[in-house]
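Q: Build the 3D model from these lines:
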Amino acid sequence: MFKLFYVIFRNLFRAPYMIPKMRFFADHPEKYSKETRYSLVQHVINLMKKSGGIYTIAEGVENLPKDSGYIMYPNHQGKYDVLGIMTTHREPCSFVMDKNKSHTVLVREFVDLVQAKRLEKDNPRQGIKIIMQVAKEVAKGSKYILFPEGGYENNNRNVVADFKAGSFKIALKSKVPIVPIALIDSYKVFNAIHFGKVTTYVCYLKPIYYNEYKDLKTNQIAEMVKNRIEEKIIEMSSKKVGLKVM
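A: Numbering: from 1, shown residues only. Here you go, the predicted model:
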């Protein structure tokens, strides 16, 4: 949490200009394209990274499908996770998050700029509606981030919790590729006491296409994706070299 307050402090002088600009862009999607709004999001993330001594290294960007929408399923480590993915993901993408955590200053602007979905965790009917909306959008070519763990523990030291099987209903509904993502050391940014520079890793694993998972139950898909992410984290723990800095 220390670095979060540090980054906020270092960027206070930008807030009177940047937050209203983000709000204006978000409120007028008819004037500002998805690409323009996403570019603004990446710009703000880069300002935060630069002022906070945060470095994000990407591997496997070439694995991202080029001819369809897809759903990215990362492990969840903290507040920086979506930012780390977006700073390495060139094309516009969006995400699903807990509605109760989506209305604070700056978070609200990020959510609205990429038209993310706010999930009411205690409202199953609304959850089904979100599944249908995201499935429809990704089937038409959109890219979404969805965290199958549902939540995270502070300072989790790269430990992956069990994945919720229901998270994969969207993939089965839309029939799009699943892209597992291994996030490494992301928790160190805003969810641990960490001083000085910090480097995180975003590893895009090979996509799992519909033909590979169509006959599996959601709990089997969840276990498969989790296993691949855990294997990558173990591999990366022994070699954090040869990756591209974003």
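Q: Show me what counts as buried in stretch 210-223.
A: Buried residues in stretch 210-223, defined by neighbour count with 16 or more other CB atoms under 10 Å: 213, 218, 221-222. (C-beta placed from N, C-alpha, C; glycine too.)
Q: what's whichever strand or helix holds Val96 packed up against?
A: Here Val96, judged by DSSP states H and E, is contained in strand 94-98. Counting contacts by 3 or more CB pairs under 8 Å, 6 or more residues apart in numbering; DSSP states H and E, strand 94-98 is packed against strand 117-119, helix 124-139, strand 143-145.
Q: Need the winner for burial among the ones you listed.
A: strand 143-145 (a mean of 22; mean count of other CB atoms under 10 Å).
Q: Report the residue spans of this structure with pLDDT below the cut-off.
A: 240-246 (pLDDT under 70).
Q: can you tell me which residues contact the residue most central in space within it?
A: For the chain, the residue nearest the mean C-alpha position is Val82 (3.1 Å; CA atoms, centre = their mean). Residues in contact with Val82 (CB atoms under 8 Å, 6 or more residues apart in numbering) are 95, 97, 110, 145.
Q: Could you confirm it falls within a helix?
A: Yes: the assignment for Val82 by DSSP: H, G, I helix; E, B strand; the rest coil puts it in a helix.
Q: Give me the residues contacting the helix or strand just after the strand holding Val96.
A: Scanning forward in sequence from strand 94-98 by DSSP H and E, the next helix or strand is helix 107-113. For helix 107-113, contacts defined as CB under 8 Å, 6+ apart pick out 19, 22-23, 25-27, 37-38, 40-41, 44, 82, 97, 101-102, 116, 118.
Q: Relative to Pro207, which of the buried residues of stretch 210-223 is nearest.
A: Tyr213 (10.5 Å; CB to CB).
Q: ok, and the closest non-adjacent residue to that closest one?
A: Spatial nearest neighbour of Tyr213, chain neighbours left out: Ile221 (5.1 Å); criterion: CB to CB, 6 or more residues apart in numbering.
Q: re the thing from before, of the contacts of helix 107-113, which count as buried by neighbour count?
A: 19, 22, 25-26, 37-38, 40-41, 44, 82, 97, 102, 116, 118.
Q: of those, closest to Ser238?
A: Scanning these for proximity to Ser238, where the rule is CB to CB, the winner is Val82, at 27.0 Å.
Q: Please report how far that closest one lies from Ser39.
A: Computed as CB to CB, to the nearest Å, the Val82 to Ser39 distance reads 16 Å.
Q: among the contacts of Val82, which two are most distant?
A: Applying CB to CB across those, the maximum distance is between Phe110 and Ile145, 11.9 Å.
Q: Now find how far off-centre stretch 124-143 is within its chain.
A: Taking CA atoms, centre = their mean, to the nearest Å, one finds stretch 124-143 lying 16 Å from the centre of the chain it belongs to.
Q: likewise stretch 94-110?
A: For stretch 94-110, the distance to the chain centre is 12 Å (CA atoms, centre = their mean).
Q: Same check on stretch 19-32?
A: 21 Å.
Q: Can you dump the C-alpha atoms of that stretch in PDB for me?
A: Listed next in PDB are the C-alpha coordinates belonging to stretch 19-32 (Å, rounded to 0.1, in the frame of the first residue of the first chain):
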ATOM      1  CA  ILE A  19      -8.900  13.300 -14.000                       C
ATOM      2  CA  PRO A  20     -11.400  15.700 -15.600                       C
ATOM      3  CA  LYS A  21      -9.900  14.900 -19.000                       C
ATOM      4  CA  MET A  22     -10.400  11.100 -18.300                       C
ATOM      5  CA  ARG A  23     -14.000  11.800 -17.100                       C
ATOM      6  CA  PHE A  24     -14.800  13.900 -20.200                       C
ATOM      7  CA  PHE A  25     -13.400  11.200 -22.600                       C
ATOM      8  CA  ALA A  26     -15.400   8.500 -20.700                       C
ATOM      9  CA  ASP A  27     -18.600  10.500 -20.800                       C
ATOM     10  CA  HIS A  28     -18.400  11.100 -24.500                       C
ATOM     11  CA  PRO A  29     -17.600   7.800 -26.300                       C
ATOM     12  CA  GLU A  30     -19.400   9.200 -29.400                       C
ATOM     13  CA  LYS A  31     -16.600  11.700 -29.700                       C
ATOM     14  CA  TYR A  32     -13.600   9.600 -28.700                       C
END
